[in-house]
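Undergrad: Kindly return the folded structure for what I paste below:
(4 chains)
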2 protein chains.
Amino acid sequence: MRTAAAADELTDTSLRKQVYDSLRAALTSGRFAPGQKLTFRFVAKALGVSLTPVREAVRRLVAEGAFEMQPNRSVRIPLMTKAKVLELRDIRVAVEGLAVGNAAKVASRAQIANLRRIAREIVAVRKRGDSVADREKISEFHFALYTIADQPTLLRVIEGLWLQTGPYMNLLFPDYIASAAGPARRLRIIQALQARDSVAARREIENDVHGTLSYVAGLADEAGNIVPALPSAAGSRRSKGKANAALELRPKRLDLK
Amino acid sequence: MRTAAAADELTDTSLRKQVYDSLRAALTSGRFAPGQKLTFRFVAKALGVSLTPVREAVRRLVAEGAFEMQPNRSVRIPLMTKAKVLELRDIRVAVEGLAVGNAAKVASRAQIANLRRIAREIVAVRKRGDSVADREKISEFHFALYTIADQPTLLRVIEGLWLQTGPYMNLLFPDYIASAAGPARRLRIIQALQARDSVAARREIENDVHGTLSYVAGLADEAGNIVPALPSAAGSRRSKGKANAALELRPKRLDLK
DNA sequence: AATGCATTTTTGTGATCACAAATTTCGAGA
DNA sequence: TCTCGAAATTTGTGATCACAAAAATGCATT
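TA: Here you go, the predicted structure:
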C-alpha cells in the first residue's frame, strides 16, 4: 500500500519540510535541553529562513507532541517525567506489538534478509563504540521491521511516539545497551518472522520496548523528572543574557541563503 | 495530570485554532466529500480570514492524517478504503482497549456517575431519532471514558484516529445503530469500571470498536472503496465551473470580519 | 469531433510588515 | 538589598505581497 501521503514525503522539497527535518533531527539526537525555550525568530535565524516556514514546521511538531506550546506563548522542549515515560511505554508496547505481529504474517524473504543485514551492522557498530551510529541503526532496524506490516497509519502513530521518546534514548548508553541482550533478541525476532510465528514475534518486541522504557523510567529522580545526558552539559545554567546562542542548531540539509 | 498542552487547548483563541476547529467539525460531521479538493484560498474566503491561519490549520490536519497533501500541491479529503478501515480498526482496538483497561483501575465515583448520565442521554436522543446529536453523544461517552485513564498522550493518539474515522461514522445510521446492543454494552462497561474489572472493561470496548469498524469495512464496494452518505448528495458530479461554491463551510464559532 | 500547444488563471510558498501581548530591563523608593 | 512598577524590548499572530509552478482555458490544426 503506497499512500499519497507517503509519496508526498519524498517529493516535498519545501523549506517547511527542511526546517521540520532539521528540528526533528536536532530533537532526536538530543541537541535540545528539556525545558529549553525556542522562539520562531531564533530558529529562523539559525536556519537562515523567514518566519513562515519555521512557524509551520514548529506547529506541526507541537501537534505531534515533540514541542510544547505554553498557554502564554512560547515553545518549549517538553520535560520528561516518569509517568510520561511509563505512559509512552504502554502505548508503544501496544502499537509496536501490533505492527510486528502483523509483520510476521506477511514478511517476505527479502525483507527478512534486510533485517538480518541491519542486525549485523548493529553488532559491527557496537564494537566500535559509536553510540550515535548505534542509535541510528537501532532505529533503522525497528522501522524496517514495522514497515513490513504495510500499515501506513500505524507507522505514522509509531513515528509520533518515537519522536517523543527520541531525546531520551541517549540514556540507554552505555549501561543498558551493554547489559541488554539486544543482538540475541533481534535474532529471535527474525527467526519468528521466518517461522511466520506472529505471537512469538510480538512477544519479543513487546519485551524489548517494555524493558527499554522501564529502564529509562527507573532513571527518574525523586521528583519524577528525567534528565537526558546532553552533548554539552551546559544545560542547567541559564543565568545571563544571550547564553542562548550556545545552543547551535546545525542546518544540516539546509544550506540556502 | 494536567499537561501544559491540555491547558493550552482551552485558552487558545487564535484564528488558527478557530479555523482548525471549524475544519475539524466540518470533517467529522461529514460535510466534505471524499476526494474533494480544498484550496487555502477557498477556506480562507469561506471563513473570512487570511491565508496565514488557514495554512497552519490545514497543515496540522494534514499531519494528523485528516487531510491528504498530494505530491503536486493540493489538499484533498482522503478516500477511505476497506484496508484502511481495517487498519484503523486494529489500531483503535489496541489503544482504546489500553485506555479503558487503565480507566477501570482508577475511575472515581463521580466519573462513573458522569458516564451513566451520558449513557442515559444517548438513550433519550436515540428515541428522538436525531442522528447528529446521537453521534455527538456517543463521542462524548467514549472520550469521557478515555479521559478517566488520565493519559494525555494516549488521548491524543486516540483523537487522531477518531479524526480519520469520523467522516464515515454516518454510515452506522440507521441500520447498525438499531441492530447493535449499544446501550447494554455501555451499561456493562460502566459496571466493569465500578467493579474495577480492568479485563472486562477492556474486552467490552474492544468488542465495541471491532464490531463498529468491521461493519463499516463491510460496506465497501467491489473495488474496496467506501463512500459515506453525504448531507447533500451532489458529490459525484463536478462537471462545470464554479460548482465548488456549493460546498459550504459554515463558520460556526468563526464570525469575525 | 478530437488532439496538441500556447496563454491565462489559479494556487501553494516564502518573505515582509504591522500590531498587540508578553517578557525583560531598569531605576525609584523603602 | 529587596520590591514594585513603568518603559523598552522581544515575540507570536495575522495580513499582504511577489513569485513560480501547476491547472485550466482557449484556439488552431488535423
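
Undergrad: From now on I want contacts and neighbour counts done on CA atoms only, so please keep to that.
TA: Fine.

Undergrad: near DNA strand C, which residues of chain A show up?
TA: With the criterion set to CA under 7 Å from any atom of the strand, chain A comes near DNA strand C through A:13-16, A:49-53, A:72-74, A:241.

Undergrad: And those, which of them are buried?
TA: A:15, A:16, A:49, A:53 (16 or more other CA atoms under 10 Å in any protein chain shown).

Undergrad: I figured the last one hits residue A:19, correct?
TA: Think residue A:53. Yes - with contact taken as CA atoms under 8 Å, residue A:53 and residue A:19 are classed as touching, separated by 7.1 Å.

Undergrad: what's near enough to touch the closest residue to residue A:112 other than its chain neighbours?
TA: Leaving aside its sequence neighbours, residue A:112 sits nearest to residue A:190 (CA to CA, 6 or more residues apart in numbering or on different chains; 6.6 Å). Applying CA atoms under 8 Å, 6 or more residues apart in numbering or on different chains to residue A:190 gives the contacts A:112, A:115, A:116, A:201.

Undergrad: Could you show which parts of the stretch 1-150 of chain A are in contact with chain B?
TA: Near chain B, the residues belonging to the stretch 1-150 of chain A are A:4-5, A:7-8, A:11-12, A:56, A:59-60, A:63, A:68-71, A:87-88, A:91, A:94-95, A:98 when assessed by CA under 8 Å from any CA of the partner chain.

Undergrad: and what of the stretch 151-257 of chain A?
TA: A:151, A:153, A:154, A:157.

Undergrad: For the third one, report the pLDDT, please.
TA: The reference is to residue A:154. As summarised for this prediction, residue A:154 has a pLDDT of 97.

Undergrad: quick one: the closest residue to it other than its chain neighbours and residue B:105, what's the gap?
TA: In space, not counting the residues next to it along the chain, residue A:154 is nearest to residue B:91; the distance is 6.8 Å by CA to CA, 6+ apart. Applying CA to CA, to the nearest Å, the value for residue B:91 to residue B:105 is 22 Å.

Undergrad: So which of the two has more stuff around it?
TA: Remark: of residue B:91 and residue B:105, residue B:91 carries more neighbours, 25 against 19, as counted by other CA atoms under 10 Å in any protein chain shown.

Undergrad: could you point out which element follows the helix or strand in which that one is found?
TA: Applying DSSP states H and E as the criterion places residue B:91 in helix B:82-106. Past helix B:82-106, further along toward the C-terminus, the next helix or strand under DSSP H and E is helix B:109-128.

Undergrad: contacts for the helix or strand following that following helix?
TA: Heading C-terminal from helix B:109-128, the first helix or strand you meet, by DSSP H and E, is helix B:131-148. For helix B:131-148, the surrounding residues in contact (CA under 8 Å, 6+ apart) are B:29, B:96, B:99-100, B:103, B:106-107, B:111, B:115, B:118-119, B:121-122, B:125-126, B:155, B:169, B:173.

Undergrad: of those, list those near DNA strand D.
TA: Filtering those for proximity to DNA strand D by CA under 7 Å from any atom of the strand leaves nothing.

Undergrad: Weed out the non-buried ones from the residues you listed.
TA: Buried among these by 16+ other CA under 10 Å: B:29, B:96, B:99-100, B:103, B:106-107, B:111, B:115, B:118-119, B:121-122, B:125-126, B:155, B:169.

Undergrad: Need the pLDDT of the residue nearest to residue A:112.
TA: The predicted structure scores residue A:190 at 96 on the pLDDT scale.

Undergrad: contacting residues for the most centrally placed residue in chain A?
TA: Closest residue to the average C-alpha location of chain A: residue A:166 at 3.4 Å, with CA atoms, centre = their mean. When contacts are counted by CA under 8 Å, 6+ apart, residue A:166 touches A:27, A:28, A:29, A:30.

Undergrad: taking the residues you listed one by one, which sit in helices?
TA: Taking DSSP state H as the definition of helices, these contribute A:27, A:28.

Undergrad: just the buried members of the contacts of residue A:166?
TA: The buried subset of these (16+ other CA under 10 Å) comprises A:27, A:28, A:29, A:30.

Undergrad: phi, psi of the last one?
TA: When quoted as degrees, to the nearest 10, the phi and psi of residue A:30 stand at phi 70, psi 30.

Undergrad: Check the closest residue in space to it that isn't next to it in sequence and give its pLDDT.
TA: Residue nearest to residue A:30 in three dimensions, not counting chain neighbours: residue A:167, with 4.6 Å by CA to CA, 6+ apart. pLDDT recorded at residue A:167 is 80.

Undergrad: OK, contacts around residue A:167?
TA: With contact taken as CA under 8 Å, 6+ apart, residue A:167 is in contact with A:27, A:28, A:29, A:30, A:228.

Undergrad: quick one: secondary structure of the last one?
TA: Put plainly, it is residue A:228. At residue A:228 the chain is in coil, as set by DSSP: H, G, I helix; E, B strand; the rest coil.

Undergrad: Nearest spatial neighbour of it, chain-adjacent residues omitted?
TA: Residue A:228's closest residue in space is residue A:168 (CA to CA, 6+ apart), at 5.4 Å.

Undergrad: picking up where we left off before, if any of the residues of the stretch 151-257 of chain A next to chain B are buried, put those into a ChimeraX selection.
TA: Only the buried members of those end up in this ChimeraX selection, burial being decided by 16+ other CA under 10 Å:
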select /A:151,153,154,157
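
Undergrad: Would you mind writing the CA trace of stretch A:31-48 as PDB?
TA: Written as PDB, here are the backbone C-alpha positions of stretch A:31-48 (Å, rounded to 0.1, in the frame of the first residue of the first chain):
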ATOM      1  CA  ARG A  31      20.600  18.600  20.900                       C
ATOM      2  CA  PHE A  32      17.900  20.400  22.800                       C
ATOM      3  CA  ALA A  33      17.700  20.600  26.600                       C
ATOM      4  CA  PRO A  34      14.400  19.700  28.200                       C
ATOM      5  CA  GLY A  35      12.500  22.800  29.200                       C
ATOM      6  CA  GLN A  36      14.500  24.900  26.800                       C
ATOM      7  CA  LYS A  37      12.600  27.700  25.200                       C
ATOM      8  CA  LEU A  38      12.600  28.100  21.500                       C
ATOM      9  CA  THR A  39      11.500  31.200  19.600                       C
ATOM     10  CA  PHE A  40      10.400  31.300  16.000                       C
ATOM     11  CA  ARG A  41      12.900  34.000  15.200                       C
ATOM     12  CA  PHE A  42      15.800  32.100  16.800                       C
ATOM     13  CA  VAL A  43      15.100  29.000  14.700                       C
ATOM     14  CA  ALA A  44      14.600  31.200  11.600                       C
ATOM     15  CA  LYS A  45      17.900  32.900  12.100                       C
ATOM     16  CA  ALA A  46      19.700  29.700  12.900                       C
ATOM     17  CA  LEU A  47      18.500  28.100   9.700                       C
ATOM     18  CA  GLY A  48      18.600  31.300   7.600                       C
END
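
Undergrad: ok, so what distance separates the residue of chain A found nearest DNA strand D from chain B?
TA: Here the residue of chain A nearest DNA strand D is residue A:39; by CA to the nearest atom of the strand that distance is 3.3 Å. Between residue A:39 and chain B the distance is 17 Å, computed by CA to the nearest CA, to the nearest Å.
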